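Q: give me coordinates for this.
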Amino acid sequence: MTTPDDPGQPQPEGTPPPPPPDYSAPPQYGTPPPPPQYGAPPPYQGGPGYQQMPPLRNDYASWWQRVLSALIDYVALGILAGIFFVAHVLVLAYLIDLVALVWGIYNSYLGGATGQSYGKKMVGTRLLKEADGTFIGGGAGVGRWFVHILDGIPCYLGYLWPLWDSKRQTFADKIMGTIVIQA
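A: Numbering: from 1, shown residues only. Below you'll find the model as predicted:
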């Protein structure tokens, strides 16, 4: 059965055409969603051109946790090499320095690939990308290790920066877009 209002069917002669649809107002399908709570992240809109916001974090690692993991990761072998250097056992001191360099590169690779170097694993912290919370990758972990040189240039201020930074980041973290959180 056909109705005269059906736009897909021919209209009888002498009948005025139906009015065009009103596109000025959106269709009302139900009640609108409630407004977001104060401080809550905006709702995900979805679709192309939109990115889901990472969750707001408050579990950043403390400065002391970061110092302890760095001591475990990098400084212990350097102290051992220094002891042999002072004792004038230079061949062994240089050999330990070489081992410390290789260990530092490997440990940085491990920290980037898995989020935890040995020191971070023992202390209970994790290295992540700030943007999406994923691991930064082994190559970026080694790159971050070299970028830490910039933390020491202005009187080691970059290493102290997490004491007052809201995300507890060093200069290298800010450059690489990384955060260190409690695991």
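Q: residues of the worst-scoring helix or strand of the chain on mean pLDDT that come out buried?
A: Within the chain, confidence by mean pLDDT, DSSP states H and E is lowest for helix 76-86 among all helices and strands, at a mean of 83. Neighbour-count burial for helix 76-86, with 16 or more other Cβ atoms under 10 Å as criterion, is recorded at 77, 80, 81, 84. Quick note: C-beta positions are derived from backbone N, CA and C, even for glycine.
Q: what's the closest non-adjacent residue to the third one?
A: Same thing as residue 81. Spatial nearest neighbour of residue 81, excluding adjacent residues (Cβ to Cβ, 6 or more residues apart in numbering): residue 96 at 3.9 Å.
Q: show me what contacts the one you found?
A: Neighbour list for residue 96: 77, 80, 81, 84 [criterion: Cβ atoms under 8 Å, 6 or more residues apart in numbering].
Q: next one: residue 70
A: Neighbours of residue 70 in contact, by Cβ under 8 Å, 6+ apart: residue 119.
Q: got phi/psi on residue 178?
A: Reported as degrees, to the nearest 10, the phi and psi values for residue 178 are phi -120, psi 160.
Q: tell me what it is bridged to.
A: Residues in a beta bridge with residue 178, per DSSP bridges, are residue 129.
Q: what about it, how many neighbours?
A: 24 (other Cβ atoms under 10 Å).
Q: isn't it right up against residue 130?
A: Yes - judged on Cβ atoms under 8 Å, residue 178 makes contact with residue 130 at a distance of 6.1 Å.
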